[in-house]
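Colleague: fold the following, please.
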Amino acid sequence: MKRVRTGWLERRLDRRSAPAPNTEVPVRPTTLDQSIEACAAHSGKLVYNRDRKRAELGEALRQLLVVHARTAVGSASGAGRGSGWAKESPELLDALLEAGNKALYCWSVAELELALSITDAVLTERPNSRAGWRLRARVLEELGEDSGAAEAHERYVALCRDDDLGIAARVTGLRQSTTRLAELLDLLREEFPKASGFVGGEPAELWAEGLAMDERGEWPQAAPRLVAALSTMHEQGTSSIDMGEALAGFMDRHTTRRPDGVIGSAVVLRAYADHVRLRSQGPVADWDGGASIITVGDFRNLVAGKSICLVANSQRVGSSSMGKEIDSYDLVVRFNSFRIDAPATGSRTDIHATIHKHGFNWGEKVQTRLVFGGLEEQWKQSIRQRLVPGAQRYLNDASLRWPVRNLGRVSEEEWPSIPTSGFNMLWLLDFLDVNPTIDLIGFDFYDSGAYRLPGAMKLPITSVHEYLSEKAWVMDRATSRTEMRISLR
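Modeller: Numbers count the residues shown, from 1 in each chain. Model prediction:
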């Protein structure tokens with residue numbers, strides 16, 4: 001019999017003698033010495049590597065080894081759990097996590113397993129490490145260990161004050177996706193009842209037989225074997241990555257091979273689409289949540305002819321008495337994790353401009369919510385996960401997603417820094433040029449420190465180099481300036 005192998009099938013045959021995977025993926029007690037030894041061994045494999053991601057991993061591993069040697073804690077690390085190395089040498093913990101993150105972004109199984117072993121060491125030493133659980137959850141997702149990933153995600157959220165990354169929705173998506181997969185396989189067994197006669201066989205052999213029959217044009221005989229293989233894989237706890245690859249191959253054939261020309265059962269196709277969507281992006285709410293979607297032209301018409309002020313999230317505003325004056329403008333713009341203290345900051349928010357990555361203030365009622373983001377798919381996903389129905393009357397479309405780059409066509413060569421939400425908003429208003437008054441309140445570019453919601457105070461302030469560029473842009477266009485106010489019109 002001719003063997004037709006997919007990437008999944010080859011991996012399955014190579015691993016046939018391996019034990020069934022443990023879907024819980026518990027933390028394996030790992031000492032610092034063991035982790036450093038694994039990192040050093042992997043570092044030796046990356047010498048002169050031309051792949052950029054692996055070169056970055058190699059550099060991170062070399063830096064880790066330097067920090068380890070410098071801190072001279074290696075001799076004490078053999079005690080394993082409770083050895084205290086992370087407390088004694090936080091820079092070593094940071095270097096270890098950095099190496100794990102670089103390994104994650106290489107995406108290969110070897111590097112993912114290295115990253116997982118790094119989280120074993122971190123969480124053995126510090127069981128409540130938020131960074132450790134966050135890294136572990138992402139690695140397990142890439143390995144297709146959805147159950148373990150969901151548990152790691154939940155451990156991370158439990159250690160955070162706010163779920164500003166939308167992790168709870170991600171966990172829901174992973175678990176609902178698993179449920180939808182089971183329903184899909186039930187539907188396929190109903191559609192191909194002969195599959196029950198093959199369940200229990202070796203899935204790799206069934207898969208190879210089914211593919212060979214399909215190549216000979218024998219789809220009615222092939223389909224039951226493929227469905228049986230999928231069912232057995234699911235029962236054996238095959239990783240969601242391998243399962244997804246095999247399922248996609250089956251669905252490609254299922255929609256094109258039927259002798260009656262019908263493109264599969266609608267309910268089967270819907271179940272498959274739901275399974276894939278839930279795993280990739282979690283539960284999806286309505287796109288607009290009841291809001292009207294606005295374009296650049298719509299936004300221009302909304303703000304034209306009105307005085308407008310942009311209120312900084314700075315301590316200068318938080319300790320001021322500008323509240324009444326701020327509320328006197330026709331339109332008040334606030335950013336990201338803004339904090340309201342009416343005597344100091346004013347009480348009204350007409351436009352909330354926010355980066356898509358964080359979930360602060362999305363439930364605050366505003367007239368217009370402008371959500372900024374550089375990568376369109378991630379931007380869409382964040383809106384679907386975070387948007388609160390009824391909290392905004394207007395929501396921007398993709399034409400307002402990243403004003404400096406998309407409208408202004410300002411390239412990374414011209415402006416290397418990532419534009420902040422404040423700068424995107426300010427640039428947009430300057431570009432539209434329809435407001436008689438554009439005032440910046442309390443914009444000292446964080447010289448006075450941040451004034452944000454408590455849950456956002458832990459976030460780092462953007463690099464000073466980015467603010468220097470934005471400050472220079474503002475000052476070039478300022479018509480007047482006081483301690484609290486910079487006017488552009």
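Colleague: where does the stretch 351-489 of the chain have low pLDDT?
Modeller: Within the stretch 351-489 of the chain, the stretches with pLDDT under 70 are 460-467.
Colleague: excluding sequence neighbours, find me the nearest residue to residue 187.
Modeller: residue 268 (5.1 Å; CB to CB, 6 or more residues apart in numbering). Every residue, glycine included, has its C-beta placed from N, CA and C.
Colleague: where does that neighbour sit: helix, strand or coil?
Modeller: Classification of residue 268 by DSSP: H, G, I helix; E, B strand; the rest coil places it in helix.
Colleague: give the contact list for it.
Modeller: Each residue near residue 268 by CB atoms under 8 Å, 6 or more residues apart in numbering is listed here: 184, 187-188, 191, 254.
Colleague: the same query, at a cut-off of 10 Å, please.
Modeller: Residues counted as contacts of residue 268 (CB atoms under 10 Å, 6 or more residues apart in numbering) are 183-184, 187-188, 190-191, 251, 254-255.
Colleague: drop anything exposed from these.
Modeller: 184, 187-188, 191, 251, 254 (16 or more other CB atoms under 10 Å).
Colleague: which one of these is nearest residue 419?
Modeller: Of all the buried ones among the contacts of residue 268, the one with the least separation from residue 419 (CB to CB) is residue 251, at 40.7 Å.
Colleague: how about that closest one: what's its closest non-neighbour residue?
Modeller: residue 272 is the one closest to residue 251 (CB to CB, 6+ apart), at 5.5 Å.
Colleague: one more: residue 36?
Modeller: Excluding its sequence neighbours, the residue lying closest to residue 36 (CB to CB, 6+ apart) is residue 68, at 5.5 Å.
Colleague: how close does that neighbour sit to residue 32?
Modeller: Using CB to CB, to the nearest Å, we find residue 68 at a distance of 8 Å from residue 32.
Colleague: ok, residue 150 - contacts?
Modeller: Applying CB under 10 Å, 6+ apart, the residues near residue 150 are 137, 140-141, 167, 170-175, 178.
Colleague: low pLDDT regions in this structure?
Modeller: 1-25, 49, 72-83, 164, 257-265, 281-290, 460-467.
Colleague: correct me, but residue 370 touches residue 395?
Modeller: Yes - Residue 370 is within contact range of residue 395, at 8.1 Å (criterion: CB atoms under 10 Å).
Colleague: quick check: neighbours shared by the two?
Modeller: If you check residue 370 and residue 395 against CB under 10 Å, 6+ apart, the residues they both contact are residue 294.
Colleague: looking at those two, which one has more neighbours?
Modeller: A direct count of neighbours by other CB atoms under 10 Å for residue 370 and residue 395 places residue 370 higher, at 24 against 21.
Colleague: name the SS class of the more buried one, please.
Modeller: Secondary structure state of residue 370, per three-state DSSP, is strand.
Colleague: on that earlier part again, what sits against the residue nearest to residue 36?
Modeller: When contacts are taken as CB under 10 Å, 6+ apart, residue 68 is in contact with 32-33, 35-36, 39-40, 74, 77, 85, 89, 91-92, 95-96.
Colleague: just residue 138 next, same as before
Modeller: 100-101, 104-105, 112, 115, 119, 149, 152-153, 156.
Colleague: can you check residue 300 too?
Modeller: Counted by CB under 10 Å, 6+ apart, residue 300 has contacts 294, 428-429, 431-434.
Colleague: can you check residue 326 too?
Modeller: Here residue 326 is in contact with 309, 311, 317, 320, 332, 334, 342, 344-348, 439, 441-442 (criterion: CB under 10 Å, 6+ apart).
Colleague: mind listing which of these are in strands?
Modeller: Taking DSSP state E, the ones among the contacts of residue 326 that sit in strands are 309, 311, 332, 334, 439, 441.
Colleague: for the first one, which residues are in contact?
Modeller: Read it as residue 309. With CB under 10 Å, 6+ apart, residue 309 has these contacts: 322, 325-334, 346, 350, 437-442, 485, 487.
Colleague: circling back to that earlier point, switch the ones in strands among the contacts of residue 326 over to CSV; also include distance to residue 410.
Modeller: Shown next, in CSV, are the ones in strands among the contacts of residue 326 (distance: CB to CB, whole Å):
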residue, distance to residue 410
309, 24
311, 24
332, 27
334, 24
439, 24
441, 25
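Colleague: farthest pair within those?
Modeller: Greatest spacing in the ones in strands among the contacts of residue 326, by CB to CB: 334 and 439 (13.6 Å).
Colleague: now do the shared contacts for these two.
Modeller: 309-311, 326.
Colleague: among these, which pair sits farthest apart?
Modeller: 310 and 326 (10.1 Å).
Colleague: next, show the common contact partners of these two.
Modeller: Common neighbours of residue 310 and residue 326 (CB under 10 Å, 6+ apart) are 332, 334, 439, 441-442.
Colleague: these into CSV, with extra columns for distance to residue 391?
Modeller: Below are the shared contacts of residue 310 and residue 326 laid out as CSV (distance: CB to CB, whole Å):
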residue, distance to residue 391
332, 16
334, 14
439, 26
441, 24
442, 25
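Colleague: among these, which one has the most neighbours?
Modeller: Using other CB under 10 Å as the neighbour criterion, residue 334 leads these with 29 neighbours.
Colleague: for beta bridges, what are the partners of that residue?
Modeller: residue 352 (DSSP bridges).
Colleague: that one touches residue 354, doesn't it?
Modeller: Yes - in this structure, residue 334 is within contact of residue 354 by CB under 10 Å, at 9.1 Å.
Colleague: residues touching residue 297, list them.
Modeller: 399, 432.
Colleague: any idea which element it lies in?
Modeller: For residue 297, the element it lies in under DSSP states H and E is helix 296-303.
Colleague: the inter-axis angle of that helix versus strand 331-335?
Modeller: 120 degrees (axes from the mean of the first three to the mean of the last three CA atoms, to 10 degrees).
Colleague: what are the buried residues along helix 296-303?
Modeller: 296, 298-300, 302-303.
Colleague: next one: stretch 411-429
Modeller: Counting neighbours by 16+ other CB under 10 Å, stretch 411-429 gives 415, 417-429 as buried.
Colleague: and stretch 210-218, by the same measure?
Modeller: 210-214.
Colleague: put the buried members of the contacts of residue 300 into a PyMOL selection.
Modeller: Typed into PyMOL, the next command selects the buried ones out of these (criterion: 16+ other CB under 10 Å):
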select buried, resi 294+428+429+432+434
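Colleague: what's the closest of the contacts of residue 300 to residue 60?
Modeller: residue 428 (37.4 Å).
Colleague: many thanks, have a good one.
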